[in-house]
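Peer 1: turn this into a model:
(one chain, ligands or ions: 2)
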Amino acid sequence: MSQLSILFVTSEMAPWVKTGGLGDVSAALPAALHKAGHDVRVLIPNYPALQAAFPQARLAAQLPALAPGLPPARLLSAETDGLPLLLLDCPELYGHAGNPYLDDHGHDRQDNPIRFGLLSRIAALLGQAHSPIDWQANVVHVNDWQSAMAPVYLHFEGGSASVITVHNIAFMGCFGHEYLASLGLPQHAWRFDGVEFHGQLSFLKAGLQFATRISTVSPTYAREIQDEHFGYGLAPLMRHRESALRGILNGIDTEIWNPSTDPELVSHYAANRLAAKRKNKSALQEEMGLEVADDVTLFGVISRLTHQKGLDLLLTIQDGMAALPMQLAVLGSGERDLEAGFSALAKRYPGKIAVKLGFDEALAHRIEAGADCFLMPSRFEPCGLNQMYSLRYGTPPIVRATGGLADTVVDVSEETLANMTANGFVLRDDTPHAMWLAMERVCRSRPDKRQWLRIQQNGMRRDFSWKQAAHDYISLYRDAISARELER
Ligand code: ADP
Ligand code: GLC
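Peer 2: Ligands and ions are numbered 1, 2, ... in the order given. Presented below is the predicted three-dimensional model:
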């Protein structure tokens, strides 16, 4: 099969810039495509963290101002483990350290439409005949609203095929009408079947309208976003484009997330050596100021603290939790009221509930390994990586049956225990009581050591590597390229 030239466009990439799962996916998927023999290059803004990581980056092209509101910029080239990176350098837009989308007060950056308009414009340019470097993509793969305008430029100006992946349809990138002109787009793009969305320019909607092919990060979420409840107003468009839409479940980086080699753990273990997991529990209890004991069930949470993640459920069952032989270790950051709620909870139950506010990659690994059970009661979850990390770490999760959670977690039942698929606990309905019941069920199940071991091993033995997903993306790219040729 012929080699593809793929431009992967992203606004975050682990380990340098990461606010959530997109950062992990942007590190692992291009690496898997590269390993499969394709010519893939990653385009990302040259944030300070990338400048520091790649001080030797070479100048690849000077980029003139391509639209009235877009400044000139530079393209630098670098490499990570053989994977080529194209760093979009424009200090006035990307020179601030910290969160890539928010200012120091936690507000969206005012110039986001220009920052990500430029990223999209340059992405499109690299798929066009007048690409500024000696390379042209056959397919431009963009991710979420931040790069979603690239397919729009490719549609109106011509160029390669495009694929857009929706990691979260709730973030739409909506801005005023005036940006149409400043981003250099034609006025006739302002239509309900164009870039307009309820009187605004929505980057995401525009990308979904014009991309050659669309994917999202799990098969269940691909169905859910065609439904009003999950579609945030885009369900009719998703139904209209159903034949162009695929659900491809994310993989995880099985080297970084490997309990038998993870440098953050005090004790390494594997599916056939699970007794060694216990030491990680006592170490975590000590680290987080919890009482050190093995007979209590330690629940773990690592999450953005937002409405999406459903963790407010825990705040409503405080007394119920207090009555269970359990502990809770929470690592998260996000909305102020949730942060305050969890801090108060920890104060109320010292030794039993511990909360660390902030983003801490190393502690995330220790919670995955040290907890007995992972909690992820998301209201919606396009894919979710943490439940897969927890399955791989022998830490069965409790989840809601939505999106990628429904596609990866198999509820414990007589039948699923018998066919060796049972690997976690799925909430039956959407109430605080259901959450409490699931936690109580876990506390009751764990003492049955043989059964618990089977549940842990079923999760640990499932293949969550990127191999299958990379293969599926390659067929999607080929499909997009053929469809684009037919359009010409
Ligand atoms: P989302 O992208 O919606 O936040 P995912 O489950 O796909 O959810 O990915 C979240 C990623 O971010 C995981 O790698 C998780 O470990 C990490 N993460 C989230 N919050 C924190 C935190 N406070 N500290 C460290 N890692 C975190
Ligand atoms: C988004 C989603 C999450 C998904 C991640 C990576 O942040 O909320 O479910 O795992 O993107 O695709």
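
Peer 1: shaky segments in the stretch 1-150 of the chain?
Peer 2: By pLDDT under 70, the low-scoring segments of the stretch 1-150 of the chain are 1.

Peer 1: which parts of it sit against ligand 2?
Peer 2: For the stretch 1-150 of the chain, the residues in contact with ligand 2 (C-beta under 6 Å from any ligand atom) are 20-22, 25. C-beta: built from backbone N, CA, C; applies to glycine.

Peer 1: neighbour-wise, which of those residues leads?
Peer 2: Val25 (27 neighbours; other C-beta atoms under 10 Å).

Peer 1: what is the neighbour count of the residue nearest to that one when sequence neighbours are not counted?
Peer 2: Using C-beta to C-beta, 6 or more residues apart in numbering and skipping residues adjacent in sequence, the residue nearest Val25 is Asn250, 5.7 Å away. Other residues lying near Asn250 total 25 when counted by other C-beta under 10 Å.

Peer 1: domain parsing for the protein?
Peer 2: The record's domain parsing of the chain by automatic domain parsing lists 5-251+467-487, 274-460.

Peer 1: which positions in the stretch 201-350 of the chain make contact with ligand 1?
Peer 2: Contact residues, the stretch 201-350 of the chain versus ligand 1 (C-beta under 6 Å from any ligand atom): 302-304, 331-333.

Peer 1: in the stretch 301-450 of the chain, what residue is nearest ligand 2?
Peer 2: When scored by C-beta to the nearest ligand atom, the stretch 301-450 of the chain has Cys383 as its residue closest to ligand 2, at 3.5 Å.

Peer 1: circling back: for the residues of the stretch 201-350 of the chain next to ligand 1, pick the one with the most neighbours.
Peer 2: Greatest neighbour count in those, by other C-beta under 10 Å, goes to Ile302: 25 neighbours.

Peer 1: do a quick rundown of the helices in the stretch 101-250 of the chain.
Peer 2: 112-125, 150-157, 179-182, 203-210, 219-224, 228-231, 235-240 (DSSP state H, counting those that start in this stretch).

Peer 1: export these as CSV, with columns for mean neighbour count and distance to Leu85.
Peer 2: Output for these, formatted as CSV (neighbours: other C-beta atoms under 10 Å; distance: least, C-beta to C-beta, whole Å):
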stretch, mean neighbour count, distance to Leu85
helix 112-125, 25, 14
helix 150-157, 24, 17
helix 179-182, 17, 28
helix 203-210, 26, 22
helix 219-224, 21, 28
helix 228-231, 14, 34
helix 235-240, 16, 32
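
Peer 1: and the helices in the stretch 351-488 of the chain?
Peer 2: For the stretch 351-488 of the chain, the helices defined by DSSP H, counting those that start in this stretch occupy 361-370, 386-392, 403-408, 414-418, 432-445, 449-461, 467-487.

Peer 1: dump the residue contacts of the residue of the stretch 1-150 of the chain found nearest ligand 2.
Peer 2: Closest approach between the stretch 1-150 of the chain and ligand 2, counting by C-beta to the nearest ligand atom: Gly21, at 2.7 Å. Residues in contact with Gly21 (C-beta atoms under 8 Å, 6 or more residues apart in numbering) are 167, 217, 250, 383-385.

Peer 1: and Arg379, how far from Gly176?
Peer 2: 30 Å (C-beta to C-beta, to the nearest Å).

Peer 1: tell me if I'm right that Glu286 and Val292 touch.
Peer 2: Yes - the pair Glu286 / Val292 is scored as a contact, 5.9 Å apart, by C-beta atoms under 8 Å.

Peer 1: His177: neighbouring residues, count only.
Peer 2: 13.

Peer 1: which ones are touching it?
Peer 2: 190, 199-201.

Peer 1: need the buried ones from those selected in PyMOL.
Peer 2: Here is the PyMOL command that picks out the buried ones among those, judged by 16 or more other C-beta atoms under 10 Å:
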select buried, resi 200+201
